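**Q** Build the 3D model from these lines:
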Amino acid sequence: MDTSVDLPGRWIDIEKIIKRTGPFASPSFEPDTKASPNIMNGLQNDFKVLVIGAGGLGCEILKNLALSGFRNIDVIDMDTIDISNLNRQFLFRRKDVGKSKAEVAAAFINSRITGCNVTPHKCRIQDKDEDYYRQFKIVIAGLDSIEARRWINGLLVNLVVINDNGDIEPDTIIPLVDGGTEGFKGQARVILPKISSCFECSLDAFPPQVSYAICTIANTPRVPEHCIQWALLFGLQDATLEKPFDPKQFDNDNPDHMNWLFECAKKRAEKFNINGVTYKLTQGVAKNIIPAIASTNAIIAAACCNEVFKFCTDSSGYLNNYMMYNGLNGVYTFTFEYETKEGCAVCGTNLVVFEINKSNTLSTFLEKITTDSRFQFKKPSLRSNGRNLYMQGLLHQSTVPNLEKTLSELNVQDGDEITITDPALPGNLAVRMRIKYSS
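**A** Numbering: from 1, shown residues only. Next up is the predicted model:
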């Protein structure tokens, strides 16, 4: 197919929107004319869009953006194509199995859509610096990871500049359109950093991942999942266990890494006479696999790309600020506004009051905060009054004895703050938790 010349009438449907005004158009909307096709020039030349994820949602998003007139698109995805992706990720073919999702998706779009330039990046979003993200008009995310969403949300909030008068510099605001699906359910959301509520504000709307008490995992495992979690939390950090990779670079998409994790969990299970540790279960626990359905991906991707188009063209007001979809029993959608949370770690005061019984041990406290949907902690490290209460990494073994001590025995008094860091938190953020002892 010749992609050097536009097909006749290619943009006729887009032109119906951008060449005439309407009742829902923004007050600043000025329709395109032959003399000044400013909106189409913006779509095709000026507006640069970043797509994060080239999987089920990402394939749909890339196709939709390209067919909506956007020509300058970057896509980031660190994953490679698996044969199980082919039933719904339509930009890939059997010959592409094992190749980079971002690279194959970009090549497919570039070869099919005239003038479209999709630039692929096979890497983690954390591998790019702030200057890279500043070049984009808008970011659209089709991620299956809450941790990655939290990171990009935190970054875009931090990129907003506030001047000496306390006012936001509008040019530094990069909107985030976030889409997500799980089976027949999905959601689309528009986040305006420092203006609307951010992703972190609504973290408690996402059900926390199944977690287990750390003391149970460490001392008295009872089910296969305990053994797999032990391999993740303790086995990776145990210097006495030989590993064919750097534990700090553990990648749950790497077959060699997952094989090691499976064998480590299996040995742990054998030690405690526990049956049921399989490679498939190990994958499920380590990767938190989410079911995906092609039709749900198509609906949510369309909603997300519609918001991007509206924002870039001013042809209609954008979503304020959350739309949920449920196709399990018929078709149901609902739209509402998430409000900013005062104690949000990213865009709020970053101070949370946490009530707990004075007699509770540090282990109980850890279990409570890791199962609390407001935080979604994975591997928290705790400090208070200049002292390490519980740490990951090199200081882990020295702080394990603290797990059986009460907070008061660790000199944490009523009103004291515990500073919590966690890999799930975006950037270098930490949560400040003020302790309030219940009577």
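**Q** And the average pLDDT for the helix or strand where Gly179 lies is what?
**A** Assigned by DSSP states H and E, Gly179 belongs to strand 176-182. Averaging pLDDT along strand 176-182 gives 92.
**Q** Can you tell me the strand partners of that strand and which way each runs?
**A** Paired strands of strand 176-182, with direction, are strand 138-141 (parallel), strand 185-191 (antiparallel) (DSSP bridges).
**Q** Identify whichever of the ones you listed lies nearest to Phe311.
**A** strand 138-141 (6.1 Å; C-beta to C-beta). Backbone N, C-alpha and C define where each C-beta goes, glycine included.
**Q** coming back round to it: columns mean pLDDT, distance to Leu281 and mean neighbour count on top of the strands paired with strand 176-182, output as CSV?
**A** Shown next, in CSV, are the strands paired with strand 176-182 (pLDDT from 0 to 100; distance: least, C-beta to C-beta, whole Å; neighbours: other C-beta atoms under 10 Å):
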stretch, mean pLDDT, distance to Leu281, mean neighbour count
strand 138-141, 95, 29, 25
strand 185-191, 93, 24, 24
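**Q** Please produce JSON lines containing the ones you listed, extended by distance to Tyr279.
**A** JSON lines is the format used below for the strands paired with strand 176-182 (distance: least, C-beta to C-beta, whole Å):
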{"stretch": "strand 138-141", "distance to Tyr279": "30"}
{"stretch": "strand 185-191", "distance to Tyr279": "28"}
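**Q** Look up phi and psi at the residue lying closest to Lys185 once chain neighbours are set aside.
**A** In space, and not counting its chain neighbours, Lys185 is closest to Asn326: 5.3 Å by C-beta to C-beta, 6 or more residues apart in numbering. Dihedral angles of Asn326 (phi, psi; degrees, to the nearest 10) stand at phi -140, psi 110.
**Q** Asn326 and Ser197: what is the separation?
**A** Using C-beta to C-beta, to the nearest Å, Asn326 is found at 22 Å from Ser197.
**Q** Looking at the two, which one has more neighbours?
**A** Neighbours around Asn326 and Ser197, counted as other C-beta atoms under 10 Å, are more numerous at Ser197. The numbers are 20 against 16.
**Q** which SS state does the more buried one fall under?
**A** Following DSSP: H, G, I helix; E, B strand; the rest coil, the label given to Ser197 is coil.
**Q** what sits against the spatially most central residue of the chain?
**A** For the chain, Arg149 is the residue whose C-alpha lies nearest the centre (C-alpha atoms, centre = their mean; 2.1 Å). Neighbouring residues of Arg149 by C-beta atoms under 8 Å, 6 or more residues apart in numbering: 141, 143, 178, 180, 199.
**Q** Would you mind giving the secondary structure of it?
**A** Arg149 - assigned by three-state DSSP - is helix.
**Q** per-residue pLDDT, it?
**A** So, for Arg149, pLDDT stands at 89.
**Q** Quick check: the gap between it and Arg189.
**A** From Arg149 to Arg189 the distance is 10 Å (C-beta to C-beta).
**Q** same question, Leu407
**A** 37 Å.
**Q** Let me know how buried the nearest residue to Glu355 once chain neighbours are set aside is, in neighbour terms.
**A** Nearest non-adjacent residue to Glu355, counting by C-beta to C-beta, 6+ apart: Lys436, 4.6 Å away. Other residues near Lys436 number 12, with proximity taken as other C-beta under 10 Å.
**Q** Can you find which helix in this protein contains the most residues?
**A** helix 294-313 (DSSP state H).
**Q** pLDDT wise, what is Ile289 at?
**A** Reported pLDDT for Ile289: 61.
**Q** could I get stretch 355-373 in PDB with only the CA atoms?
**A** Output in PDB follows, covering the C-alpha atoms of stretch 355-373 (Å, rounded to 0.1, in the frame of the first residue of the first chain):
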ATOM      1  CA  GLU A 355      -5.900   4.700  64.100                       C
ATOM      2  CA  ILE A 356      -4.600   1.500  65.700                       C
ATOM      3  CA  ASN A 357      -4.700  -0.300  69.100                       C
ATOM      4  CA  LYS A 358      -1.600   0.400  71.200                       C
ATOM      5  CA  SER A 359      -1.200  -3.300  71.900                       C
ATOM      6  CA  ASN A 360      -0.900  -4.200  68.200                       C
ATOM      7  CA  THR A 361       2.400  -5.500  67.000                       C
ATOM      8  CA  LEU A 362       4.400  -4.000  64.200                       C
ATOM      9  CA  SER A 363       3.500  -7.100  62.200                       C
ATOM     10  CA  THR A 364      -0.200  -6.400  62.700                       C
ATOM     11  CA  PHE A 365       0.300  -2.800  61.700                       C
ATOM     12  CA  LEU A 366       2.100  -3.900  58.500                       C
ATOM     13  CA  GLU A 367      -0.800  -6.300  57.700                       C
ATOM     14  CA  LYS A 368      -3.300  -3.500  58.200                       C
ATOM     15  CA  ILE A 369      -1.600  -0.900  56.000                       C
ATOM     16  CA  THR A 370      -0.800  -3.500  53.200                       C
ATOM     17  CA  THR A 371      -4.500  -4.500  53.000                       C
ATOM     18  CA  ASP A 372      -5.800  -1.000  53.200                       C
ATOM     19  CA  SER A 373      -7.100   0.000  49.700                       C
END
